[in-house]
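**Student:** Model the following, please.
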Amino acid sequence: MDEIAVHLGVNPDTIYKWITRKSMPAHKLGRLWKFLASEVDQWVKGGHAAEDLANETEPTAKRKKPTER
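**Tutor:** So this is what the prediction gives:
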């Protein structure tokens, strides 16, 4: 997990999110996650990681205050 996170320049928590939310290619062996760098690189080049980062960094909509009469 740590090696692929370093390879991609992200936090390991991001890798866990990508596995569950974006179907990042990963293989679980017992308690350990294993990755083929070639599969992960292809997945990233396909834009899947960028889509997730864009969704996570979008600012939340600001609420407008009701105007007083």
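**Student:** what's residue 28 in contact with, if anything?
**Tutor:** Neighbouring residues of residue 28 by Cβ atoms under 8 Å, 6 or more residues apart in numbering: residue 34. Bear in mind the C-beta positions are built from the backbone N, C-alpha and C, glycine included.
**Student:** run the last query once more with 10 Å
**Tutor:** 19, 34 (Cβ atoms under 10 Å, 6 or more residues apart in numbering).
**Student:** and it, what pLDDT?
**Tutor:** pLDDT, residue 28: 94.
**Student:** how close does it sit to residue 47?
**Tutor:** 24 Å (Cβ to Cβ, to the nearest Å).
**Student:** Ok, residue 40 next?
**Tutor:** For residue 40 relative to residue 47 (Cβ to Cβ), the value is 13 Å.
**Student:** Which one of those two is surrounded by more residues?
**Tutor:** Counting neighbours by other Cβ atoms under 10 Å for residue 40 and for residue 47 shows that residue 40 has the greater number, 19 against 10.
**Student:** other SSEs contacting the helix or strand hosting the more buried one?
**Tutor:** Element membership for residue 40 (DSSP states H and E) is helix 37-45. Here helix 37-45 touches helix 2-8, helix 12-22, helix 48-57, going by 3 or more Cβ pairs under 10 Å, 6 or more residues apart in numbering; DSSP states H and E.
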